[in-house]
Structures are given as structure tokens and as C-alpha cells.
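*Asks:* Just a sequence and a predicted model for now, questions to come.
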Amino acid sequence: MSKLHPVIAVTGSSGAGTSTARLAFEHMFTRMNLRAAIVEGDSFHAYDRETMAQQLHRASVRGERFSHFGPSANLFDKLEELFRSYGASGHGESRRYLHTDAEACAFGQKAGTFTPWTPLPTDTDLLLYEGLHGGLVTDRVNVAQHVDLLIGLVPTINLEWIQKIHRDTNERGYSPERVKETILRRMHDYVHYMVPQFSQTDINFQRVPTVDTSNPFIARDIPTQDESFVVIRFKNPRKWPVHFPEMLAMVQGSFMSRRNTIVVPGGKMGMAMEIILMPILEQIMRTRDNARRRSRKKISPPETR
Ligand SMILES: Nc1ncnc2c1ncn2[C@@H]1O[C@H](COP(=O)(O)OP(=O)(O)O)[C@@H](O)[C@H]1O
Ligand SMILES: O=C(COP(=O)(O)O)[C@H](O)[C@H](O)COP(=O)(O)O
């Protein structure tokens, strides 16, 4: 945890909507005039697409579990080191995993490859991570301990699979069958490395469809915002400037389902994220500024003030 260099992580499974949620954060950062170092979780995969395919075949032949959700296909220690380093100094290094030809073309590379490791931009106000493992805790790494605000994007599983199938077939060129196989292959690691994170999160945003998603593998399109509700669970509401009565008054159609859980219409998800997250970001930045003032006082002795 860092007061001087806050780390914010949006964590969710493949297709959960973390890239989409990142855009909402970027809009808030712009409105708050904050400069963020943005890190995509896929950049901590251990293998590029070609090598990953070889590793997957080898694991299949050996009858071993192996997926993008688990430790053998990710650089978890490097991710924890990034969060630790940024929290301590505001510095670190990252790269990008280029999923599509369009992304890769901009770097003169092939899709499914990594850009080189490069230092994060300097003089940033905070780090924003969006990806698969922002809240990871295993017997070897504890990524979550370095995060100041941990957000879970956790649509109900049928909706998550519909979103992944839609995105992977339309934007990444995979067949629906191939995506179904990926979902099945990742199930063990999903249960052991993805799901436990959502007990670590400060806030979970769980989009729940109000239309039939019983068979996600035949869904023609993604349920729209208006065809859903969002269940927003706070692990510890007292930790943050969260005022449920104010939110209930501001978000039409919202209601409390538990003392720490507010439900909003899906079409109000963006508004609810802003109402909830901007005061929290403001609190984090006030804490950062106070810590920086104290740090400066320690450096300059009283007689020279
Ligand atoms: N709240 C939402 N409402 C409707 N569609 C969404 C929502 N969030 C994500 N999607 C769609 O789901 C798919 C996966 O979202 P994405 O942000 O790429 O997931 P991730 O980065 O977690 O893999 C995309 O097609 C995206 O447009
Ligand atoms: O599970 C994910 C995570 O990405 P996301 O959270 O965006 O779904 C992707 O399948 C891998 O990064 C491999 O990508 P690819 O299959 O394109 O090589």
C-alpha cells in the first residue's frame, strides 16, 4: 500500500469488462486532472501467442493444467514487483501484449507479441492496472497487498462468457468453438486464481442480466446496459466516503439489497461508478498530498523552512 504513489487495480476475468471500465477511469482522471501510469495485465503473460500455443500443446500431451489464468503462464512475481516498486518510488516498467493486428500494426509487430519492457512514464499521480490478476494472492505472491483501491469487474458467469465470446470472435478472430474450448480449459485456474480475488476487492461491480442468458454459447449479442442491473458490493463501506442515502437519491431505480450492497439499473452503471469512485479518488489524492507534505518537512530541517 502506498500513500505517496497510489496503486489502483481493476481486476476481472477474460471478457469481464476491465478494458471497458478502464475507459471510465481515464475519463475520471481527465476530469480530476490526474496523470496515470496505465498498465494492462496481459503484459505480464509469460509467453507470446505462438509460444503459448506450443506450451498449451505440450501441457495437453502431458495432461497438465495450463492457462492464461494460472502461475505457469504469467509473470506474477514481476507484477508484484511492479506494484511494490511503483508504490515505493512512482517508478517501474511495463510492456503491452498486442492482441489484434490493429494494435500490433501501430508498433510494427505481429499480433500476439509483446512490446519491449519500458519504464513507466515519470511524474504520474497514480498507477492504474486493468487485467486478470490485480487482486492475486497465492502461496508465492501477494499482489493485492500493494493495491490502495482494488475494484472487481465480475459479471455473472453466463454474461461474462457471452461478453468474451462476442469480443473474441468479433475483435480477435477466434471461432465460437475455440473460445468455448478456452473457457473450458481455463476452468480450474478460473476457480483457483480468478475467483478468490473477488473476496479481496474493495468494491465489486457485478452486472446481472435481466434477459435470458441460460445458454451463453448461442447468445447472438451481449445483453445491453438496459437489459441488466449492477450489484455493487462494498467490502468495508466505512473505509471510503460512501453515502448510500445520497446515492439512492441520485441514482433513479437504485435500491439496497444488503447493508453494504447497492443495486443500480445497468444503464446507470457509468453514473454510479463516477458517484462512487470520484470521492474515493479525491480521498486517495488528499492522502497522497498530505504524505508528500510530511515527507518534504522531514527532508527540510526546521531552521531552513
Ligand atoms: N457494461 C457493459 N455493457 C455491455 N457490454 C460490455 C460491458 N462491459 C464490457 N462489455 C463488452 O464485453 C466485451 C469484453 O469487454 P472487455 O472490456 O474487452 O473485457 P476484458 O478487458 O475484461 O477482457 C466487449 O465486447 C465489451 O464491449
Ligand atoms: O485471457 C486473456 C486475457 O485477455 P482479456 O482480459 O483481454 O480477455 C486473453 O485471452 C489472453 O491475453 C491471450 O490473448 P489472445 O487470445 O489474444 O492471445
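*Replies:* Looks like it arrived, so ask away. Values in this document were obtained by computation on a predicted structure and should not be read as measured data. Ligands and ions are numbered 1, 2, ... in the order given.
*Asks:* contacts and neighbour counts: CA atoms only from here.
*Replies:* Fine.
*Asks:* List the contacts of the residue of the stretch 1-150 of the chain found nearest ligand 2.
*Replies:* Nearest to ligand 2, among the residues of the stretch 1-150 of the chain, is residue 14, at 3.5 Å (C-alpha to the nearest ligand atom). Residue 14 is in contact with 132, 160, 164, counting by C-alpha atoms under 8 Å, 6 or more residues apart in numbering.
*Asks:* Let me know the distance separating it from ligand 1.
*Replies:* Using C-alpha to the nearest ligand atom, to the nearest Å, residue 14 is found at 4 Å from ligand 1.
*Asks:* what about residue 276, neighbour count?
*Replies:* 18 (other C-alpha atoms under 10 Å).
*Asks:* Am I right that it is in contact with residue 242?
*Replies:* Yes: counting by C-alpha atoms under 8 Å, residue 242 is a contact partner of residue 276 at 6.7 Å.
*Asks:* Next to ligand 2, which bits of the chain? Give me the list.
*Replies:* The chain comes close to ligand 2 at residues 14, 15, 42, 49, 68, 99, 112, 131, as judged by C-alpha under 6 Å from any ligand atom.
*Asks:* Please report the distance of the closest residue to the third one other than its chain neighbours from residue 285.
*Replies:* If the residues on either side of it in the chain are set aside, residue 42 comes closest to residue 97, at 5.7 Å by C-alpha to C-alpha, 6 or more residues apart in numbering. Distance, residue 97 to residue 285, using C-alpha to C-alpha, to the nearest Å: 30 Å.
*Asks:* is it possible to export the residues of the chain next to ligand 2 to JSON lines including secondary structure and pLDDT?
*Replies:* Putting those into JSON lines (DSSP: H, G, I helix; E, B strand; the rest coil; pLDDT from 0 to 100) gives the following:
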{"residue": "14", "secondary structure": "coil", "pLDDT": "97"}
{"residue": "15", "secondary structure": "coil", "pLDDT": "97"}
{"residue": "42", "secondary structure": "helix", "pLDDT": "97"}
{"residue": "49", "secondary structure": "helix", "pLDDT": "97"}
{"residue": "68", "secondary structure": "coil", "pLDDT": "97"}
{"residue": "99", "secondary structure": "coil", "pLDDT": "94"}
{"residue": "112", "secondary structure": "coil", "pLDDT": "97"}
{"residue": "131", "secondary structure": "strand", "pLDDT": "98"}
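*Asks:* Can you select the buried ones from those in PyMOL?
*Replies:* The buried subset of the residues of the chain next to ligand 2, as determined by 16 or more other C-alpha atoms under 10 Å, is captured in PyMOL by this line:
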select buried, resi 14+15+42+49+68+99+112+131
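*Asks:* The longest helix belonging to the chain near ligand 1 anywhere?
*Replies:* Longest helix of the chain, by residue count under DSSP state H: helix 269-299. No: Helix 269-299 does not reach ligand 1 (C-alpha under 6 Å from any ligand atom); its nearest approach is 7.2 Å.
*Asks:* Now do the buried residues in that helix.
*Replies:* Quick answer for helix 269-299 (16+ other C-alpha under 10 Å): 269, 272-278, 280-281, 284-285, 287-289, 291.
*Asks:* if we can go back for a sec, where neighbours are concerned, which of the contacts of residue 14 has the most?
*Replies:* Busiest of the contacts of residue 14 [other C-alpha under 10 Å] is residue 132, holding 28 neighbours.
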